[in-house]
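Asks: Build me a model from this:
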Amino acid sequence: MDPMQAIRETFFQECEEQLGELETGLLSMQEGAADDETVNAVFRAVHSIKGGAGAFKLDRLVKFAHVFETTLDKIRTGLLAPAPALMKTMLRAADVLADLVAFSREGGTFDDSRSNELIAELSGHSEAPQAEPQAPEEEPEANPFAALGWEPVTLEIGSELKEYVIGFRPKPELYAKGNETTRLMRELSRLGSLKVHCEIADVPLLANLEPEQSYLSWRATLHSDQDLAAVQAVFEFVDGDCHLDIEAVDTAHLHEPSALETALEIEAEESAPDPLIETKAALSEMPEPAKAAASAPESRAPREPAKAEAGAATQNTIRVDLDRVDRLINLVGELVINQAMLTQRVLEAGAVKNASISTGLEDLEHLTRDIQESVMAIRAQPVRPLFQRMSRIVREIADATGKNVRLKTEGEGAEVDRTVIERLADPLTHMIRNAVDHGLERPEARIAAGKPPQGEVRLSAAHRSGRVVIEIADDGRGIDRPKVKAIAIKKGLIAADAQLSDVEIDNLLFLPGFSTAETVSNISGRGVGMDVVKRSIQALGGRISITTRVGHGSTFSLSLPLTLAVLDGMVVKVADQTLVVPLNAILETMKPKSGEVYGLGPDSQVIGIRGGFTPLIDVGYELGFRAHRADPMSGVTLLIETEGGLRSALMVDAIQDQRQVVIKSLEANYGHVDGIAAATILGDGRIALILDTDAVVHRSSGRSAPSEMLLAG
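Replies: Numbering: from 1, shown residues only. The predicted model follows:
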């Protein structure tokens with residue numbers, strides 16, 4: 001690959017991260033958290049995108065980011081208040097910035113009128129008259145360099161020029177990347193009159209000097225007619241590789257530089273000597289006692305940025321191509337299978353009686369599990385980027401429908417396999433659109449119903465019983481079940497005399513061709529959406545359920561596996577088939593006793609467990625492995641709990657083993673089978689099906705319903 005192309009791709013990957021930080025920060029500011037840390041994080045995100053875009057001559061992106069950055073800088077300096085109208089504009093600007101990044105990366109077409117419109121809006125906010133903030137009073141500093149004969153000087157400044165005090169301390173990374181302080185100071189000097197002061201307090205004795213470290217720092221005073229953004233632009237390519245502090249000073253009064261500013265004065269004009277050469281000369285002429293005094297801890301003036309950097313924990317990361325990670329995960333899956341096969345062969349050979357062989361097998365199993373868990377942790381990612389994408393969807397649909405909507409997110413840090421996140425984006429988008437378009441009322445209808453005019457959509461994620469549960473909830477009108485049933489009858493999806501429970505009526509929403517929209521629009525009404533959502537969730541080994549209250553809203557719950565690679569399972573025998581039941585679904589196992597099993601109706605049974613009754617389901621009968629129900633006393637019962645919190649007892653013939661199995665997609669290699677989540681390869685080389693416990697329970701509970709065939713899909 002072309003090196004420049006690789007660097008360009010890295011830039012766009014970093015843009016994705018910066019856009020995520022931008023979205024998070026703006027939403028926090030919209031909620032009222034406009035503290036310095038949040039505003040600075042948002043500013044840095046836009047500034048970083050602008051700096052990188054300039055390096056690749058992405059002019060459209062640079063132009064828009066510059067205006068965006070200018071507005072953010074006015075908020076950062078207190079010249080502009082983050083009012084609701086401004087925040088709405090800035091969130092739209094974030095969407096346009098993301099589109100410009102995508103356009104710059106992938107090409108295609110881009111509507112310049114959108115960016116021009118936002119530029120005009122942002123500029124309008126930035127140019128609004130604001131009260132000038134008062135510059136903070138500075139405490140006089142002692143002069144730690146008096147022993148060297150350096151004294152403070154006083155400088156008169158004309159009121160027609162702006163004064164900037166710049167604190168600059170390079171990190172070693174700045175020099176490692178080929179940057180030079182000299183060039184930065186020369187660029188500053190082109191903006192006006194510049195005085196540079198080199199601070200040498202941290203320079204150690206020669207014997208202790210590390211060649212690759214950075215000891216010098218600079219404080220510069222610039223008199224210029226340029227704005228703050230122009231000064232910041234000088235340092236945009238070293239952002240992150242230095243400690244930088246730029247302060248705009250009120251020039252209406254005389255300014256007396258601090259003792260640190262008088263350490264070394266250098267006039268940085270084009271004809272002036274090189275500041276770096278001057279610094280080296282000053283150091284070479286300094287007597288040894290003065291060097292020692294300058295490097296002594298008690299002689300050093302405090303520098304807060306350096307302290308903060310030293311106290312902050314550094315997290316080192318590397319970028320790895322996803323194909324390599326996928327290959328590693330596949331290899332670990334094969335390792336798990338081979339470990340199981342090896343154990344099976346040893347058992348068949350009877351060598352497990354040897355203590356050393358038995359210990360070795362146990363160690364190998366533990367090591368394999370540790371490797372598998374570590375590798376899967378590499379693929380695990382928080383759902384935050386996915387949730388951030390939904391914020392834009394909500395804004396766009398709210399504008400299109402004329403509704404006032406607020407998106408509230410919870411549990412963004414919940415981690416799940418990257419593949420799950422990628423394949424969840426489209427289903428989640430469908431559901432968010434439906435929540436805003438169908439679930440929420442218009443502001444006037446909400447007010448009439450005694451609700452606030454602003455509707456709320458809540459998006460949450462949490463880990464439960466080895467799975468991740470994502471909920472999309474709204475506080476809208478809820479599902480009108482009589483209307484849903486009437487539409488289904490009208491469309492011929494169910495019989496006119498069908499007797500359906502509330503749950504079955506809710507599930508009609510997932511039938512192909514069903515839609516409650518009265519007119520077709522670019523948002524909804526074509527009957528394509530929720531059936532696709534259900535199939536997509538099932539393809540991930542997940543389930544979807546609905547709860548609703550008329551007049552209060554609806555909640556759609558998605559239950560998904562944390563990973564699509566490996567799970568812990570219980571190997572069971574059902575008829576002549578070998579199945580794997582996910583271990584996280586099993587609460588306990590038991591052997592039914594006489595008098596504990598009771599008939600319920602013509603075709604159902606329950607089992608008494610600790611004073612209560614639980615539905616008893618014959619897995620072999622439900623899946624069609626046998627034509628008649630087996631005797632409950634001849635098998636083993638697995639007590640499970642579904643995602644809805646309901647308990648059921650699954651009857652199997654025998655329990656064979658408990659082991660870690662590698663998940664193989666059944667849909668990708670064969671097709672969807674109701675009641676089966678996936679397949680796996682056992683230690684003896686046989687193929688075993690992985691049971692979808694919730695699907696089996698739902699299949700059993702709907703067996704006697706007239707709409708069984710319709711709702712099964």
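Asks: Where does pLDDT dip in the stretch 151-300 of the chain?
Replies: Scanning the stretch 151-300 of the chain for pLDDT under 70 picks out the ranges 151-160, 250-300.
Asks: So which residues of it form strands?
Replies: Using DSSP state E, counting those that start in this stretch, the strands assigned to the stretch 151-300 of the chain run over residues 162-170, 192-199, 217-224, 242-249, 265-267.
Asks: from the middle of its chain, how far away would the third one be?
Replies: So that's strand 217-224. Averaging C-alpha positions (C-alpha atoms, centre = their mean, to the nearest Å) puts strand 217-224 39 Å from its chain's average.
Asks: Grab the CA positions of it and hand them over as CSV.
Replies: Taking Å, rounded to 0.1, in the frame of the first residue of the first chain, the C-alpha atoms of strand 217-224 are listed here in CSV:
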residue,chain,number,x,y,z
SER,A,217,9.9,25.3,27.1
TRP,A,218,9.0,28.7,25.7
ARG,A,219,6.8,31.5,26.6
ALA,A,220,6.1,34.0,23.8
THR,A,221,4.4,37.4,23.7
LEU,A,222,2.8,38.2,20.4
HIS,A,223,1.3,41.6,19.3
SER,A,224,-0.9,41.1,16.3
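Asks: For His698, identify the helix or strand it belongs to.
Replies: helix 693-701 (DSSP states H and E).
Asks: who does that helix touch, helix- and strand-wise?
Replies: With contacts taken as 3 or more C-beta pairs under 8 Å, 6 or more residues apart in numbering; DSSP states H and E, helix 693-701 sits against strand 612-618, helix 619-622, strand 647-652. Yep, even glycine has a C-beta here, placed from its N, CA and C like the rest.
Asks: Nearest to Glu117 among those would be which one?
Replies: strand 647-652 (56.8 Å; C-beta to C-beta).
Asks: continuing past that closest one, what's the next helix or strand?
Replies: strand 654-662.
Asks: Any idea which helix or strand in this structure has the lowest mean pLDDT?
Replies: One helix or strand of the chain scores below all others by mean pLDDT, DSSP states H and E: helix 708-711, with a mean of 32.
Asks: Tell me how many other residues crowd the closest residue to Thr680 other than its chain neighbours.
Replies: Distances taken as C-beta to C-beta, 6 or more residues apart in numbering place Val661 nearest to Thr680, at 4.0 Å, with adjacent residues excluded. Residues near Val661, counting by other C-beta atoms under 10 Å, number 25.
Asks: For Val661, give me the pLDDT.
Replies: Per-residue confidence (pLDDT) for Val661: 81.
Asks: now Thr578
Replies: Thr578 is given a pLDDT of 91.
Asks: Low-confidence ranges, the protein, go.
Replies: By pLDDT under 70, the low-scoring segments of the chain are 1-3, 126-160, 250-317, 352, 465-466, 515-529, 564, 643-645, 667-669, 701-713.
Asks: residues contacting the residue nearest to Thr680?
Replies: Listed by C-beta atoms under 8 Å, 6 or more residues apart in numbering, the contact partners of Val661 are 336, 340, 566-569, 580, 680-682, 688, 690.
Asks: Go again with 7 Å.
Replies: Listed by C-beta atoms under 7 Å, 6 or more residues apart in numbering, the contact set of Val661 reads 567, 569, 580, 680.
Asks: circling back: quick check: which of the strands of the stretch 151-300 of the chain is nearest to Val67?
Replies: strand 242-249 (19.4 Å).
Asks: just how off-centre is that closest one within its chain?
Replies: In terms of C-alpha atoms, centre = their mean, the centre of strand 242-249 is set 31 Å apart from its chain centre.
Asks: That strand packs against which elements?
Replies: Other helices and strands packing on strand 242-249, by 3 or more C-beta pairs under 7 Å, 6 or more residues apart in numbering; DSSP states H and E, are strand 162-170, helix 228-233, helix 304-311.
Asks: what do you get if the cut-off is 10 Å, keeping everything else the same?
Replies: When contacts are defined as 3 or more C-beta pairs under 10 Å, 6 or more residues apart in numbering; DSSP states H and E, strand 242-249 sits against strand 162-170, strand 217-224, helix 228-233, helix 304-311.
Asks: can you list the contacts of Val661 in a markdown table and add secondary structure and distance to Ala495?
Replies: Shown next, in a markdown table, are the contacts of Val661 (DSSP: H, G, I helix; E, B strand; the rest coil; distance: C-beta to C-beta, whole Å):
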| residue | secondary structure | distance to Ala495 |
| --- | --- | --- |
| Leu567 | strand | 40 |
| Gly569 | strand | 40 |
| Val580 | strand | 38 |
| Thr680 | strand | 40 |
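Asks: just these now: which is nearest Thr10?
Replies: For these, the closest approach to Thr10 (C-beta to C-beta) belongs to Leu567, at 34.8 Å.
Asks: what's the spacing between that closest one and Gly439?
Replies: Using C-beta to C-beta, to the nearest Å, Leu567 is found at 34 Å from Gly439.
Asks: When the two are compared, which one has more neighbours?
Replies: Neighbours were tallied for Leu567 and for Gly439 using other C-beta under 10 Å; the higher tally belongs to Gly439 (25 against 22).
Asks: next one: the helix or strand that contains Ser356 to chain centre, how far?
Replies: Assigning secondary structure by DSSP H and E places Ser356 in helix 355-379. Put simply, helix 355-379 sits 30 Å off its chain's centre (C-alpha atoms, centre = their mean).
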